[in-house]
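J.: heads up, no residue letters with this:
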């Protein structure tokens, strides 16, 4: 069924248009229109009765789609609301709003500064931008209190955060310790570097070992302290030329004092461990669990040769304890990763053999991954070093920890 109009001409020449509901029916092999209902004159219906009829019929429709009403809808503006709805609840559950306002109370724009910090964190979660970018981004988020923020609030909030950093971290630590029932007897510490396009801050910007592989840029070192549950409790920013050994010496002393910890176990990955760091930890009687560079530390090679049974921790992890030269090591073995490493090496050997057959020695020598498996014999013939392959197989699926803890 559908609607149609029918126009009739009166004797005086005037015309009247009526609205009809018709349906198509087939009679004697032909399709014709059958009038189901005459609704009346269109000029009379358009005074309101037609709209009421459409609305009353719409309630019987499963889709409830009304084109006539849809045409009247106009979107004047649209803002994101869900982001604030979710994260504001977490923000207040952590007590951050109360903590910030308490420390910002000396500022005459206390509420704006606390709100500015929240705005910058919210932006960092969803769409990280510069402070000028955040100032524009605020117009896309529905939170009435954001309407009072201006660009200078964002910059001033950063100054206050820097000034009250330690107090805020301590209050937040107390809050999450109660909220999550944290047992802080083990901390994780890691550092990274971040560089500047330009001069950078005078008191912190320095040339140093760049983890971004940009030694040509001024940088700073950033370190984060986390609990064993992965919850950050403190951070520090150091000059860009600060060595890792100096960063964690300072942070461990600071964490012990600020958070009144009776025991701290330092946990670090192999990327930040050196002989200097291990000697410093042992000298200062600091407990540690650290990853070791397996191919670059001679002692680790000897540890891997040591026999002993593995103990299964779970399906993809077996461990065994090894003492070597009065140091305690934990050899960890992942059977799943070991199988993956084995297949990857076999595939590499296959490619090596193909390249050697095709005479592509020059490209192999230039590839560090391939080069260590090549052997040049006395007849100047290049082949695959089988001994190197057997040596490499000892590392399949393994990593090694060193610790002075009795955990």
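T.: Looks like it arrived, so ask away. Model, not experiment: these values are computed from the prediction. Numbers count the residues shown, from 1 in each chain.

J.: what about the longest helix in this protein?
T.: With secondary structure taken from DSSP state H, the chain has its longest helix at helix 335-357.

J.: for it, buried residues please.
T.: 337, 338, 341, 345, 348, 352, 355, 356 (16 or more other C-beta atoms under 10 Å). For every residue, glycine as well, the C-beta is placed using N, CA and C.

J.: quick one: low-confidence parts of the chain?
T.: Along the chain, segments meeting pLDDT under 70 span 62-72, 107-108, 180-186, 245, 359-373, 376-383.

J.: which residue comes closest to the residue most central in space within it once chain neighbours are left out?
T.: Centrality entry for the chain: nearest residue to the mean C-alpha point is residue 125, 8.5 Å, by C-alpha atoms, centre = their mean. Residue nearest to residue 125 in three dimensions, not counting chain neighbours: residue 87, with 6.5 Å by C-beta to C-beta, 6 or more residues apart in numbering.

J.: ok, residue 327 next?
T.: Leaving aside its chain neighbours, residue 327 sits nearest to residue 402 (6.2 Å; criterion: C-beta to C-beta, 6+ apart).

J.: confirm that that neighbour sits in a strand.
T.: Yes - if the criterion is DSSP: H, G, I helix; E, B strand; the rest coil, then residue 402 is within a strand.

J.: so the residue nearest to the centre of the chain sits right up against residue 84, yeah?
T.: No - at 10.7 Å, residue 125 does not count as touching residue 84 under the criterion of C-beta atoms under 8 Å.

J.: and residue 16, how close does it get to residue 44?
T.: 10 Å (C-beta to C-beta, to the nearest Å).

J.: all helices of the stretch 151-300 of the chain, in order?
T.: With helices called from DSSP state H, counting those that start in this stretch, the stretch 151-300 of the chain shows them at 151-163, 165-180, 244-258, 275-283, 298-305.

J.: now those helices in CSV, with distance to residue 192 and mean neighbour count?
T.: Formatted as CSV, the helices of the stretch 151-300 of the chain follow (distance: least, C-beta to C-beta, whole Å; neighbours: other C-beta atoms under 10 Å):
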stretch, distance to residue 192, mean neighbour count
helix 151-163, 19, 16
helix 165-180, 18, 16
helix 244-258, 11, 17
helix 275-283, 16, 14
helix 298-305, 25, 15
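
J.: for residue 269, grab phi and psi.
T.: When quoted as degrees, to the nearest 10, the phi and psi of residue 269 stand at phi -90, psi 170.

J.: spatially nearest residue to it (excluding sequence neighbours)?
T.: residue 291 (4.9 Å).

J.: doesn't residue 400 make contact with that neighbour?
T.: Yes - using C-beta under 8 Å, residue 291 is in contact with residue 400, at 7.4 Å.

J.: of these two, who's got more company?
T.: Set residue 291 next to residue 400 and count neighbours by other C-beta atoms under 10 Å: residue 400 wins out with 22 against 17.

J.: could you check how far the residue nearest to that one when sequence neighbours are not counted is from residue 22?
T.: Spatial nearest neighbour of residue 400, chain neighbours left out: residue 292 (4.6 Å); criterion: C-beta to C-beta, 6+ apart. Per C-beta to C-beta, residue 292 is found 86 Å from residue 22.

J.: likewise residue 111?
T.: From residue 111 to residue 22 the distance is 65 Å (C-beta to C-beta).

J.: circling back: the residue nearest to residue 400: how many residues sit nearby?
T.: Around residue 292 there are 19 residues (other C-beta under 10 Å).

J.: show me what contacts it?
T.: When contacts are counted by C-beta atoms under 8 Å, 6 or more residues apart in numbering, residue 292 touches 270, 273, 300, 329, 399, 400, 401, 402.

J.: that one and residue 226: what is the separation?
T.: On the measure of C-beta to C-beta, residue 292 and residue 226 end up 21 Å apart.

J.: likewise residue 200?
T.: Using C-beta to C-beta, residue 200 is found at 26 Å from residue 226.

J.: over to residue 163?
T.: From residue 163 across to residue 226, the span is 24 Å (C-beta to C-beta).

J.: quick check: residue 147 is in a helix.
T.: Yes - assigned with three-state DSSP, residue 147 falls within a helix.
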